[in-house]
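Q: sequence below, structure please.
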Amino acid sequence: MLAVRTSAKASAVRHIVMDELSGGIVDKLDPDTAALLNSSGLAKASPIGMGLYRIEPVGKVGSVRTPTVQFEVRPKDRLGLNRLLFLLSYAGDQGFREDSVAAVEHKDLWSALAESLAQLSERALSRGPLQGYLTVDESLRTVKGRIRISDQISRRPGMLVPLEVSYDEFTEDIAENRILRAALERMGKVPGVRQDVLSRLRQLKGKLDAVTRLQSGAPLPTWQANRMNLRYHPVLRLAELILRNASAEAGEGKQQTASFVVDMSTVFEEFVGVALRQAMRTHPGEMRLQYGATLNEAVRDSDRLTVRPDAVHFLGGRPVVVYDSKYASATDSGASLNADHYQLLAYCTALQVPTAWLVYAGKGEMKLRRILNTDIDIVEYPLDLSRPPAEILAAVTDLAQQSWGEVVRQARL
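A: Modelled structure (predicted):
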C-alpha cells in the first residue's frame, strides 16, 4: 500500500527503505506517523519504548510519507515500477501487449508514477483530445436520431411532444478522455511531486476541461481498444491502474493524503492465472480459474470442506491438471514449503488428478516431488519476475507446454 501525507510547510524528510521480505527494523517515530503507518496497511509499527518502534512489512509494497518521514517497502528481487505495472496490466487485460504500459523508473514511486503519466499524456494529447461518438438520450421538441418508443409511452402517454430520443454525437466527452482526466486530477493532488511535473499535469488536464468529471467512487467507464484510439492505449493502461489502486484527498487542515495499494500476492496470483489460461488455449480443453471443489463427504452443507485451486485445466469435462501460485517462494522468509505441498496434495486428492504445479515467484530450477504412498507428483516451477516481460510470458508458455505434456504422458499410461 502506498500512502503519503505532507503539509504545506517544507521540512527535511527522513527516508526509510526496507525490502518486503525484511524481518523488520527499529527506528524512531512520532505517534502520528506510527498511527498513519499502521492505518495504511503497508507496515506494522509497534512501540517498544523511548519513542522507538519496531516496523515490520505485512505483505504490501509502496510508500508512506509524513511531514517528517518517507517510509518505503519495495518488492523483493528489486523489481522496478515497469515490472510491477506489467504484472498489474496483464492480469487486468488479456489483450495486453508488452508495450501497452510504460513507466519512468525513479527512486520514489509517486514521482515515477507522476512523471510517467505526464509523459504518456503528452504523447496521447499531442494532436489534441481524442473524439468519438457518444450516445445521448434527451427529451426534445423535434426529432433527432431515433425515438425511444417505450420511454415515450411510459413517460408521456398520449403526448406528442416533447419526444424521448437517442442520437450519436461526435464529441470529446468520451470514456477515454474521462478516464484520463480523472487520473490527471488524482495525481495532481498527490503531495511531494515536483512542482514542474504538477504544472505539466495541470496543463494536460486543462486540455480536457470540456470532458465530464468522474464522480468519486463511481465505476470507471468502459472503453474498447481499437485502431481509432491507438495513441491512447499506453496512457489509459496507466491511468486505470492509478485510479483502481490510488486515492488522494485532503486531510485535516492543509495536509494532503494519498494512497496506492498493491498486494503482491494477489497481483502474482492473478497474473499467473490469466497468463496461464492464455498459454493453455493452444491445447485441448478449457482452464477455469479459482475453481471450487468439495474436499470431504458430508451430509450437511455446514460440514462440507472446500478447496479452491488458482487454476484447473479440464479435458472432456474432467479435471486433468491443477495449478497453484505462491508469491512467497520456499527461499523467502516465512514461506512454508510443507504447507504448500499439503495444500497441493489436497487439491489432487479432491480433484483426482495425478499432477499439481506449484508456481513460485523467484529464481531456481524446476523440481519434481513424488508424494510417498501415492501416485501424485507435485512440480515446483519458479517464475523469475526480474526477467523482461517477454521472457516472463515465455516461461509461462513453457509451463503450459510441460504441464500439457505430462497430461498426455499420463493418458498414455
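Q: CA only for contacts and neighbour counts going forward, please
A: Fine.
Q: which ones are touching Tyr241?
A: Rather than Tyr, residue 241 is Leu. Leu85, Leu88, Ser89 (Cα atoms under 8 Å, 6 or more residues apart in numbering).
Q: need the three-state assignment for it.
A: helix (DSSP: H, G, I helix; E, B strand; the rest coil).
Q: separation between it and Pro75?
A: Using Cα to Cα, to the nearest Å, one gets 17 Å for the distance from Leu241 to Pro75.
Q: quick one: Asp301 from Tyr347, how far?
A: Taken as Cα to Cα, the span from Asp301 to Tyr347 is 19 Å.
Q: those two: who's more crowded?
A: Tyr347 (27 against 8; other Cα atoms under 10 Å).
Q: are we agreed that the more buried one is in a strand?
A: No - Tyr347: not assigned to a strand; according to three-state DSSP it is helix.
Q: now for it: which residues touch it?
A: Val307, Arg308, Pro309, Val322, Ala356 are the contacts of Tyr347 under Cα under 8 Å, 6+ apart.
Q: how deep is Tyr291 tucked in, by neighbour count?
A: For Tyr291, using other Cα under 10 Å, the count is 14.
Q: what's the pLDDT at the residue nearest the centre of the chain?
A: By Cα atoms, centre = their mean, the chain has its centre lying nearest to Leu88, at 3.9 Å. Reading off the confidence values, Leu88 has pLDDT 79.
Q: please tell me how far Trp357 sits from Gly158.
A: With Cα to Cα as the criterion, Trp357 and Gly158 are 67 Å apart.
Q: quick check: mean pLDDT of stretch 392-406?
A: On average, stretch 392-406 scores 95.
Q: typo on my end, it should be stretch 207-220
A: Per-residue pLDDT over stretch 207-220 has a mean of 89.
Q: got it, and stretch 355-373?
A: Stretch 355-373 shows a mean pLDDT of 92.
Q: give me the low-pLDDT residue ranges for the stretch 251-400 of the chain?
A: The model of the stretch 251-400 of the chain has pLDDT under 70 over residues 251-259, 261, 298-299, 330-335.
Q: could you check the pLDDT of the residue sitting furthest away from the middle of the chain?
A: Distance from the centre of the chain peaks at Gly158, with 51.8 Å (Cα atoms, centre = their mean). We have a pLDDT of 74 for Gly158.
Q: equivalent analysis for the one 10 residues further on, please.
A: The score at Asp168 is 75. That number is its pLDDT.
Q: what strand or helix carries it?
A: For Asp168, the enclosing helix or strand under DSSP states H and E is strand 163-171.
Q: now swap in Leu180 and tell me
A: Using DSSP H and E, Leu180 sits in helix 175-188.
Q: and that helix, how far from the chain's centre?
A: How far helix 175-188 lies from its chain's middle: 18 Å, per Cα atoms, centre = their mean, to the nearest Å.
Q: what angle do the next helix or strand after it and helix 175-188 make?
A: Next in sequence after helix 175-188, counting helices and strands by DSSP H and E, comes helix 195-206. Interaxial angle of helix 195-206 relative to helix 175-188 (axes from the mean of the first three to the mean of the last three Cα atoms, to 10 degrees): 150 degrees.
Q: need the residues that contact the biggest helix by length in the chain.
A: The residue-count maximum for a helix in the chain (DSSP state H) belongs to helix 389-412. With Cα under 8 Å, 6+ apart as the test, helix 389-412 has contacts from 83, 86, 98, 272, 275-276, 279-280, 283, 320-321, 354-355, 357, 381, 383-385.
Q: how about the helices in the chain?
A: 31-40, 81-92, 109-124, 149-155, 175-188, 195-206, 233-245, 264-279, 337-351, 389-412.
Q: just tell me which of those helices ends up closest to Gly364.
A: Gly364 lies closest to helix 389-412 among the helices of the chain, at 12.6 Å (Cα to Cα).
Q: buried set for the closest one?
A: Using 16 or more other Cα atoms under 10 Å as the test for burial, helix 389-412 gives 389, 392-393, 395-397, 399-401, 403-404, 406-407.
Q: could you list the residues in contact with stretch 272-282?
A: 90-91, 94, 286-289, 310-311, 325, 393, 396-397, 399-401.
Q: no, scratch that, I was asking about stretch 293-305
A: By Cα under 8 Å, 6+ apart, stretch 293-305 touches Thr306, Val307, Arg308, Ala346, Thr349, Ala350, Leu351.
Q: same check on stretch 113-123?
A: 102-104, 180, 184, 187, 193, 197-198, 200-201, 204, 231, 234-235, 238-239.
Q: just stretch 318-338 next, same as before
A: Contacts of stretch 318-338 (Cα under 8 Å, 6+ apart): 21-23, 264-265, 268-269, 272, 309-314, 344, 347-348, 351-362, 403, 407.
Q: give me that answer again for 6 Å
A: For stretch 318-338, the external contacting residues (Cα atoms under 6 Å, 6 or more residues apart in numbering) are 265, 269, 309-314, 353, 355-361.
Q: buried sites along stretch 161-179?
A: By 16+ other Cα under 10 Å, the buried positions in stretch 161-179 come out as Leu163, Glu164, Val165, Ser166, Glu172, Asp173, Ile174, Ala175, Glu176, Asn177, Arg178, Ile179.
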